[in-house]
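[1] after the sequence you'll find the predicted model.
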Amino acid sequence: MKSLYPNPILIAVLLGLALLLTPTTAMAESCGDDPAGTACAGAGVCDGAGEADGAGGTAGECVDCIDASQCADDGDACTTATCIANVCGTTNNTEPCNDDNACTTGDTCSEGSCVGGAAPDCDDDDVCTTDTCDALAGCVNTPNTDP
């Protein structure tokens, strides 16, 4: 005798397959023309530069960035945020920086690191002091007993 109830295993398999084939917004790459990025679920911005979407707008894609202002600063004074091909990154710069050594002046970035410049002139023109430089304190003029 044939059962009036459908096979529960077959139903579970078909429901699972239907769920896999159902598109979700998280999987969608199209975001329309949404420069605020709200269609991108917080994961970037909409470039708004796609083909016509049939609703008068364009079907853009969610990307990391359109320009460098949308990229996070990594906190390194010797790198600059970049947006190249809609991907955030960094590039080395040659900006002034501080190498945290009081015995260097005019520090600048070079190849991603802060490089100390010239030593400060610690000479106080007083023969009764010994002039040195301390990396933390800077110039130190210590009294001496030299003749």
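    That came through, no problem.
[2] so where's the protein uncertain?
    1-39, 41-43, 48-59 (pLDDT under 70).
[3] show me the strands in it, by range?
    30-32, 45-46, 51-52, 58-63, 79-84, 87-92, 108-110, 113-115, 129-134, 138-143 (DSSP state E).
[4] and residue 102, which of the ones you listed is closest to it?
    The closest of the strands of the chain to residue 102 is strand 138-143. By C-beta to C-beta, the value is 3.7 Å. Bear in mind the C-beta positions are built from the backbone N, C-alpha and C, glycine included.
[5] alpha carbons of the closest one, as CSV, please.
    Extracted C-alpha coordinates of strand 138-143, given in CSV (Å, rounded to 0.1, in the frame of the first residue of the first chain):
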residue,chain,number,x,y,z
GLY,A,138,68.3,66.0,24.6
CYS,A,139,71.2,68.3,25.1
VAL,A,140,72.8,68.0,28.5
ASN,A,141,75.4,70.6,29.7
THR,A,142,77.0,69.1,32.8
PRO,A,143,79.3,71.3,35.0
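[6] closest to residue 100 out of the strands of the chain?
    strand 113-115 (8.2 Å).
[7] for the closest one, buried residues please.
    In terms of neighbour count (16 or more other C-beta atoms under 10 Å), strand 113-115 has its buried residues at residue 114.
[8] by contact count, what packs against it?
    Under the contact definition 3 or more C-beta pairs under 8 Å, 6 or more residues apart in numbering; DSSP states H and E, strand 113-115 sits against strand 108-110.
[9] please enumerate residues in contact with the strand it packs on?
    Here strand 108-110 makes contact (C-beta atoms under 8 Å, 6 or more residues apart in numbering) with 77-78, 92-97, 114-115, 117.
[10] tell me the one of those residues nearest residue 104?
    residue 117 (5.3 Å).
[11] circling back to that earlier point, show me which of the strands of the chain has the highest average neighbour count.
    Among the strands of the chain, strand 45-46 has the highest mean neighbour count (mean count of other C-beta atoms under 10 Å), at a mean of 24.
[12] that one pairs with which strands?
    The strands beside strand 45-46 in its sheet (DSSP bridges) come out as strand 58-63 (antiparallel).
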